[in-house]
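Colleague: show me the folded form of this:
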Amino acid sequence: MRVLFATDGSEFSEEAARFLTRLSFSETDEIIILHVISEIPYDDDYHAQVKHAIRKVAPKILASSARILRPVKAQVATLEKDGYPDTAIVDMAITANADMIVMGARGVRGVKLLILGSSTRAVAINSPVPVLVVKHPSWNNPEGMNVLFATDGSDSANDAGRFLSSLPVPEKAELTVMNISLSAVSDIPEKYAAELGLLIKEESEMAGAITSGRGESIIEEAKGFLGSRFHKINQLTTLGDPFREILAAEKRLKPDIIVVGCRGLRGFRGMLGSVSRRLLSHSESSLLIGKTCAKVAASPE
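Modeller: Have a look, this model is predicted:
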C-alpha cells in the first residue's frame, strides 16, 4: 500500500502521523510525507522574504513527521512542493499512484473539529482515491482498533469496504458492519408525529419487516470481503436517517474509524454524498471515505 500523508506541521497533522503508527504496515508498504508550501499571490520583496522564511521551516515539518513515523515498518519518504495545498495534494496522489491520502482534521481556529478546514474538505471532495481524515476523540484506544463500516449495498459502499479489507489494521481490530434503511416518514417534524402516530408505527413495522432481509444480505456480502481482515465482526441494522443513525452508533460504539462510501446525488457522480460530507464536520471519530465517484466521473460513458 502506498499512502500519501499530507502535513502542515500542526498538532492535527502530528496526531494523524501518530494514528498511522497504529496500523500494521509491512516493509513493502510506503508512506510519502508531503508538505505543500502555499502559494503567495503577491510578487514583491516583503512577500518574497515571507516565502523564504516559510521554506526554511518546511524541512523541520517533514522531519518532525518522519520522527513520529519511525516505529512503522513501511518505507518512509519526504517530499516538499509549492502550490495550493488542496490541488497540490490531489495532484501528488495521482502522480505518485497513491492508494490513500491521510490528513489531520484541522478545524477553523477557535472552533476545533466543528468546522473542517477548507483544504481538508476540498481534498476529501475532489480526491480520486480514498481519504482518511484523522481526528482525536477521547475514546481512542492505542491497544486496539474499533471500525464502523456503514453500507447501503451500493457500488460506492462496497468499494469502500473492499478498500477497508486492504487497510493494514491491527491484528485484533474489531469491525461493526452497519446497514441503515431509510424510513419514508423520517422527515416528518416531531410536532406532527403524534397526529400520525399509528401510521408511523405501522410504517416502521412494515418497513422493518421488508428491509430486515435485505439488510442482512447486504451485511453478509460485506462480511464476505472483510472476514479475512477482521478477527471479530459485529452487525447492526437500523431504520431511519443514515446520518443521524451513524452518529448515534458512533456514540455507543466509540469507533476509531468510521468508513463510508462517497455516493453522490444521481447525475453528479463526482460529488461527495451528503452523508459523508456531513460526517466530515460532525463525527468525532476519524473518517475514511472510499472514492469510487471521482474515478467513475473521470471515465468515459
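
Colleague: per-residue confidence at Gln49?
Modeller: Listed pLDDT for Gln49 reads 72.

Colleague: quickly find the element holding it.
Modeller: Using DSSP states H and E, Gln49 sits in helix 45-68.

Colleague: right, and the helix or strand after that helix?
Modeller: Downstream of helix 45-68 (by DSSP H and E), the next one is strand 75-83.

Colleague: pretty sure His231 contacts Val169?
Modeller: No - with contact defined as C-beta atoms under 8 Å, His231 does not reach Val169; the gap is 9.9 Å. Where C-beta positions appear, they are placed from N, C-alpha and C, glycine not excepted.

Colleague: low-confidence ranges, the protein, go.
Modeller: The model of the chain has pLDDT under 70 over residues 40-44, 46-48, 50-52, 106-117, 138-143, 182-213, 263-273, 292-301.

Colleague: swap the cut-off to 80 and go again
Modeller: Filtered on pLDDT under 80, the chain yields the residue ranges 39-54, 106-118, 136-144, 181-215, 263-273, 291-301.

Colleague: that one: helices as residue ranges?
Modeller: 11-20, 45-68, 85-95, 118-126, 155-166, 190-193, 197-226, 242-253, 274-282, 293-298 (DSSP state H).

Colleague: flag every buried residue along the fifth one.
Modeller: When you say that, I think you mean helix 155-166. Ser156, Ala157, Asn158, Asp159, Ala160, Gly161, Phe163, Leu164, Ser165 (16 or more other C-beta atoms under 10 Å).

Colleague: swap in stretch 172-180?
Modeller: Ala173, Glu174, Leu175, Thr176, Val177, Met178, Asn179, Ile180.

Colleague: and for stretch 240-254?
Modeller: Gly240, Asp241, Pro242, Phe243, Glu245, Ile246, Leu247, Ala249, Glu250, Leu253, Lys254.

Colleague: not counting its neighbours along the chain, what's nearest Asn234?
Modeller: Nearest-residue entry for Asn234: Thr176, 4.4 Å, with adjacent residues in sequence omitted and distances by C-beta to C-beta, 6 or more residues apart in numbering.

Colleague: returning to what we had before: which of the buried residues of helix 155-166 lies closest to Arg22?
Modeller: Leu164 (15.1 Å; C-beta to C-beta).

Colleague: give the contact list for the closest one.
Modeller: Val147, Phe149, Leu226, Arg229, Val259, Leu288, Gly290 (C-beta atoms under 8 Å, 6 or more residues apart in numbering).

Colleague: how about 10 Å then?
Modeller: By C-beta atoms under 10 Å, 6 or more residues apart in numbering, the residues touching Leu164 are 130, 147, 149, 175, 222, 225-226, 229-230, 257, 259, 288, 290.

Colleague: in JSON lines: the residues you listed, plus distance to Ser64.
Modeller: Putting these into JSON lines (distance: C-beta to C-beta, whole Å) gives the following:
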{"residue": "Pro130", "distance to Ser64": "25"}
{"residue": "Val147", "distance to Ser64": "28"}
{"residue": "Phe149", "distance to Ser64": "32"}
{"residue": "Leu175", "distance to Ser64": "32"}
{"residue": "Ala222", "distance to Ser64": "38"}
{"residue": "Phe225", "distance to Ser64": "37"}
{"residue": "Leu226", "distance to Ser64": "34"}
{"residue": "Arg229", "distance to Ser64": "31"}
{"residue": "Phe230", "distance to Ser64": "32"}
{"residue": "Ile257", "distance to Ser64": "24"}
{"residue": "Val259", "distance to Ser64": "28"}
{"residue": "Leu288", "distance to Ser64": "24"}
{"residue": "Gly290", "distance to Ser64": "30"}
